[in-house]
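A.B. asks: here is my input; please provide its structure:
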Amino acid sequence: MRTWLFRMVLEDEKRQKSAFKLLGQIEKWRLDHGRPTGEPRHPDLTSGQPWPPKEPAGRFLYFGYGSNMLDERLFARNPSARVHRTGHVSHRRLTFSKTSDDGSGKCDMEITGDPRDRVEGVLFWIDRAEKRALDEAEALGHGYDERTVDVITEVGTEQALAYVASAGATDPA
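C.D. replies: Reported below is the predicted structural model:
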């Protein structure tokens, strides 16, 4: 099945996005539940190539947490987004104390300094041309700031862009 989906990613423009999404979900399940010892991660088992594939220049790595882990939500505003892998940011905790105009609590990755704290999330590759749309959707400059965070994954630490609440934009109550 993985080989068939991989061929769709490479050869079927109409189904490419769906096939890539399914491969990402299968890889997540394999990471969560284990994969057969010695089996390559690449969907084309005989290829000998790394998986996930290296992304081309002109893309950036984004760490989505909270509701931004939902790839459907991200794909709606950033259609180039591709799931890279899951990971977490340590020394932070997920909070819903970011104030908003509608009175609801928005999500934040609050710094705690405690190595036991962590925020789970998903790494996505996104075309640089879509950065402005992401900035607008994430309210950059209107309660959220952009930060580079170290994301710990199953293969090591990767740096990614994330949006965190601006100083003074949270209500600890």
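
A.B. asks: which one is residue 114 nearest to, not counting chain neighbours?
C.D. replies: Spatial nearest neighbour of residue 114, excluding adjacent residues (Cβ to Cβ, 6 or more residues apart in numbering): residue 91 at 6.4 Å. (Glycine included, C-beta is placed from N, CA and C.)

A.B. asks: sorry, that was for residue 139
C.D. replies: Once flanking residues are discounted, residue 139 sits nearest to residue 163: 7.7 Å by Cβ to Cβ, 6+ apart.

A.B. asks: doesn't that neighbour fall inside a strand?
C.D. replies: Yes. According to DSSP: H, G, I helix; E, B strand; the rest coil, residue 163 belongs to a strand.

A.B. asks: in contact with it, which residues?
C.D. replies: Shown in contact with residue 163 (Cβ atoms under 8 Å, 6 or more residues apart in numbering): 138, 139, 140, 144, 145, 146, 147.

A.B. asks: the fifth one should be in a helix, yeah?
C.D. replies: This means residue 145. No. Under three-state DSSP, residue 145 falls outside any helix and is assigned strand.

A.B. asks: confidence score at the residue nearest to residue 114?
C.D. replies: As predicted, residue 91 sits at a pLDDT of 94.

A.B. asks: dihedrals phi and psi, it?
C.D. replies: Dihedral pair for residue 91: phi 70, psi 20, per degrees, to the nearest 10.

A.B. asks: from residue 154, how far off is it?
C.D. replies: To residue 154, residue 91 is 19 Å away according to Cβ to Cβ, to the nearest Å.

A.B. asks: which stretches of this structure form helices?
C.D. replies: With DSSP state H, the ranges of helices along the chain come out as 2-11, 16-33, 71-77, 131-137.

A.B. asks: just list whatever residues bridge to residue 119.
C.D. replies: Per DSSP bridges, the residues bridged to residue 119 are residue 89.

A.B. asks: can you count the residues close to it?
C.D. replies: Neighbours of residue 119 under the rule other Cβ atoms under 10 Å: 24.

A.B. asks: let me see the contact set for residue 95.
C.D. replies: The neighbours of residue 95, taking Cβ under 8 Å, 6+ apart as the test, are 107, 108, 109, 110, 170.

A.B. asks: out of the residues you listed, list just those in strands.
C.D. replies: Among the contacts of residue 95, DSSP state E puts 107, 108, 109, 110 in strands.

A.B. asks: quick check: residue 115 touching residue 90?
C.D. replies: Yes. If you go by Cβ atoms under 8 Å, residue 115 and residue 90 touch, sitting 5.9 Å apart.
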